[in-house]
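S.K.: need a structure here:
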Amino acid sequence: MALRRGVGLVLGLLVIAVLISAGGMALLWSVASREPTVARDSTLVLQLDTDLHESSPDDLMRQLFAGPAPASLGNVLETLRKAKVDPRIGAIVIAPSRLQAPLWGKVQEVRAAILDFRSSGKPAYAYLEYADDRGYYLATACSRILLMPSSQLSLNGLASYSVFLRGTFEKLDAFPDFLHVGQYKTAANQYTEKGFTPADREMSESLNTDMYEQLVQGIATGRRKTEADVRALIDQGPFLAADALKAGLVDDLAYSDQIDDKLRLPGGSMRELNLRDYTRVSASSLGLNRGPKIALLQASGVIVSGTSGYDAMNGAVLGSDTFIKYIREARSDSSVRAIVLRIDSPGGSAIASDAIWRELVITRDEKPHRPLVVSMSDLAASGGYYMAMASPYIVAQPGTLTGSIGVVGGKVVTGGTFAKAGANIEVVSRGRHAEMESPTRPFNPEERAKVQKGMEDFYYRFVEHAARSRHMTMDKLHGIAQGRVWTGRQAKQVGLVDELGGLERALAVAKGRAGLSPNAEVQIVTYPPRRTVFELLGESLGSQSRTDAGLAAVLGWQERRVIGMLTAPSRLFHPGELLAVMPFAMFSR
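M.R.: Got it, this is the predicted structure:
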């Protein structure tokens, strides 16, 4: 009896402790979520020390103690929308010196949002402690640019780098045995080649040239210079601060404590409000995000079969099972007037991409009809573009990387590598093709023919779907497919997208097609929804990662991206799985 009472007492104390802890966390969450007081004539400072993820990753400690994270693209865009209509905000200062965005689509989206903010008549300024091409490109959306006197303006052109590992494999006695369909489908070239093939170089040069021209045009417009003058200035870069001022690339030199003296701030002085605090001001309190519902389906990350998650090397992982569940949830909500599919994906599993496409087609064709519009972010290539084909209308940024209509497949033969290390692999099998995915030998001719046949079948299915979606003949679509990656601007020229713009433009199109005014305020219902503190407490945080986060933590974004993309086939996909994934290329910073 005494033992029972003792056990009961312990259990009771544990229950009380849990309840107290839960209550404490709820209280902390309530305090952290409380909207801040915003003074009249405030200057909103946007410190963009971020890599502009589409949305903030779920983080238990951040939700408990810091409220919503300010480091996502969604946070930044909503903040600018709120500041535009908030009478308490008199100006904004953009500080993009630690911007880490590796590509251009999201940067262009933020730049457009800054220009939209300025249409309210409020000033937007930029303060640069340091500036590279992307940071400066953002700054040119502002009316005045200040640069720290001891800094540099690293504006000296764009270069892209591709990594080729064939020589490395040879040193390891490994053999990359890959096939592809489409002369520009060069995703496997990083394994199979020692350098550019003619088609690979042609495509890379085309992408680099178009992005350079977009950079030049943006700077010329923002700084009121001719494009010829901007090209000449870029060839003189990088610039010392004094030289950047003399060239008219910045308007003044200042330290952060001198901003008050250099700029005409509302109220005559800096009443600073930071991005983290202003994120807690609800959009609804300013009359935004109200009205009819539009569903926003966020398709971010490498596409895989199964569940979504987070990979420390590759970032977000888009699982077909998880995403299809959200598509069905949006479809089952009868109050949703339209659906916008936001894509930020380099592609991935061909089968998973096809499964998601099919569910989107069902949603598009369901009665009563609800418009489905696609908005492309940094990437909507290969499997990412496959998803987009379900929509009759596609909006992309000029710098979005898209297309890559093609397929690759194969394996890395590592038998020699094991032998070199003193290991021996022996196999026992039954079935003519049981050893087709053997790591000890390349495909034999019969196996190679089967792999090639499967790839060609999927490729022509891809082309057929794209031709029907884009209202082209098969021959015409095939001519612009072949695995080729295009910028969004190029993709519009060849007919793969309908319009250039960002998420706001895609929402306006969706509203118009749903019978609403393109300027009507609507309630955006986002899928996947952000999880609550209690939902995060209910699962193991360790299960979120598909690889060792420790290694990722000591690597820069460039190194993570290289290692992540090069090792993804062995970590994220099934053996022998056909891949609809774009070739790996990295624009320098």
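S.K.: for the rest of this, base every contact and every neighbour count on C-alpha atoms.
M.R.: Will do.
S.K.: what does the domain assignment say about the protein?
M.R.: According to automatic domain parsing, the chain comprises the domains 40-156+237-283, 290-424+437-581.
S.K.: Serialize the ones you listed to CSV and add fields for mean neighbour count.
M.R.: Below are the domains of the chain laid out as CSV (neighbours: other Cα atoms under 10 Å):
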stretch, mean neighbour count
domain 40-156+237-283, 20
domain 290-424+437-581, 20
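S.K.: which residues of the stretch 351-500 of the chain fall in helices?
M.R.: 383-388, 415-420, 445-470, 474-480, 488-494 (DSSP state H, counting those that start in this stretch).
S.K.: for Leu103, find the nearest of the ones you listed.
M.R.: Closest of the helices of the stretch 351-500 of the chain to Leu103 is helix 488-494, at 12.5 Å (criterion: Cα to Cα).
S.K.: for the closest one, give me every contacting residue.
M.R.: Contact with helix 488-494 is made by 396-403, 480, 497-500, as judged by Cα atoms under 8 Å, 6 or more residues apart in numbering.
S.K.: go on, stretch 238-249?
M.R.: 147-156, 223, 233, 250-253.
S.K.: re earlier: using CSV, lay out the domains of the chain together with mean pLDDT and distance to Gly195.
M.R.: Below are the domains of the chain laid out as CSV (pLDDT from 0 to 100; distance: least, Cα to Cα, whole Å):
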stretch, mean pLDDT, distance to Gly195
domain 40-156+237-283, 90, 23
domain 290-424+437-581, 88, 16
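S.K.: which of those sits closest to Phe196?
M.R.: Here domain 290-424+437-581 is closest among those (Cα to Cα), at 14.4 Å.
S.K.: doesn't Arg118 make contact with Arg81?
M.R.: No - using Cα atoms under 8 Å, Arg81 makes no contact with Arg118, being 10.8 Å away.
S.K.: about what we covered before: of the contacts of helix 488-494, which belong to strands?
M.R.: 396, 401-403, 499-500 (DSSP state E).
S.K.: could you give the bridge partners of the residue nearest to Leu265 when sequence neighbours are not counted?
M.R.: Of all residues not flanking Leu265 in the chain, Ala91 sits nearest, at 6.8 Å (Cα to Cα, 6 or more residues apart in numbering). With DSSP bridges applied, Ala91 shows beta-bridge pairing to Thr43.
S.K.: what distance do you get for Ala91 to Gly135?
M.R.: Distance of Ala91 to Gly135, given as Cα to Cα, to the nearest Å: 19 Å.
S.K.: so which of the contacts of stretch 238-249 are in strands?
M.R.: 147, 152-153, 252-253.
S.K.: element containing the residue nearest the centre of the chain?
M.R.: With distances taken as Cα atoms, centre = their mean, Asp344 lies nearest the centre of the chain, 4.3 Å away. Element membership for Asp344, per DSSP states H and E: strand 336-345.
S.K.: work out the gap between that strand and the centre of the chain.
M.R.: Taking the mean of its C-alpha atoms, strand 336-345 sits 14 Å from the chain's own mean (Cα atoms, centre = their mean, to the nearest Å).
S.K.: how about stretch 367-381?
M.R.: Worked out by Cα atoms, centre = their mean, stretch 367-381 lies 15 Å from the chain centre.
S.K.: which SS class is Ser120?
M.R.: coil (DSSP: H, G, I helix; E, B strand; the rest coil).
S.K.: now it: closest residue in space that isn't a chain neighbour?
M.R.: Lys84 (6.1 Å).
S.K.: against Ser377, how distant is Lys106?
M.R.: Applying Cα to Cα to Lys106 and Ser377 gives a distance of 6 Å.
S.K.: which is the next helix or strand following the strand holding Asp344?
M.R.: By DSSP H and E, the next helix or strand past strand 336-345 is strand 347-349.
S.K.: list the helices and strands that following strand packs on?
M.R.: On a contact count with 3 or more Cα pairs under 8 Å, 6 or more residues apart in numbering; DSSP states H and E, strand 347-349 meets strand 302-304, helix 383-388, strand 579-581.
S.K.: can I get the ones you listed in TSV including distance to Val463?
M.R.: As requested, the helices and strands packed on strand 347-349 are exported to TSV (distance: least, Cα to Cα, whole Å):
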stretch	distance to Val463
strand 302-304	19
helix 383-388	10
strand 579-581	12
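S.K.: so for Leu52, which of the ones you listed sits nearest?
M.R.: Per Cα to Cα, nearest to Leu52 of those: strand 302-304, 16.5 Å.
S.K.: and the closest one, how far out from the chain's middle?
M.R.: That offset, for strand 302-304, works out to 13 Å (Cα atoms, centre = their mean).
S.K.: what comes into contact with that strand?
M.R.: 314, 316-320, 345-349, 352-353, 383-384, 572-573.
S.K.: can you do 10 Å?
M.R.: For strand 302-304, contacts defined as Cα atoms under 10 Å, 6 or more residues apart in numbering pick out 308, 310-311, 314-321, 323, 344-353, 356, 383-384, 565, 568, 572-574, 579-581.
S.K.: do the same with stretch 187-197
M.R.: Applying Cα under 10 Å, 6+ apart, the contact partners of stretch 187-197 are 162-169, 175-180, 183-184, 186, 200-204, 404, 406-412, 483, 565-566, 579-585.
S.K.: from one end of that stretch to the other, what's the distance?
M.R.: Start-to-end span of stretch 187-197 (Cα to Cα) is 12 Å.
S.K.: buried set for that stretch?
M.R.: Within stretch 187-197, the residues that count as buried by 16 or more other Cα atoms under 10 Å are 187-193, 195-196.
S.K.: JSON lines for those residues, including distance to Met436?
M.R.: Output for the buried residues of stretch 187-197, formatted as JSON lines (distance: Cα to Cα, whole Å):
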{"residue": "Ala187", "distance to Met436": "22"}
{"residue": "Ala188", "distance to Met436": "19"}
{"residue": "Asn189", "distance to Met436": "22"}
{"residue": "Gln190", "distance to Met436": "22"}
{"residue": "Tyr191", "distance to Met436": "19"}
{"residue": "Thr192", "distance to Met436": "19"}
{"residue": "Glu193", "distance to Met436": "23"}
{"residue": "Gly195", "distance to Met436": "28"}
{"residue": "Phe196", "distance to Met436": "29"}
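S.K.: including secondary structure, could the residues you listed go into a markdown table?
M.R.: Formatted as a markdown table, the buried residues of stretch 187-197 follow (three-state DSSP):
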| residue | secondary structure |
| --- | --- |
| Ala187 | coil |
| Ala188 | coil |
| Asn189 | helix |
| Gln190 | helix |
| Tyr191 | helix |
| Thr192 | helix |
| Glu193 | coil |
| Gly195 | coil |
| Phe196 | coil |
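S.K.: would you confirm that Thr526 contacts Glu54?
M.R.: No - here Thr526 lies out of contact with Glu54, judged by Cα atoms under 10 Å, at a distance of 11.8 Å.
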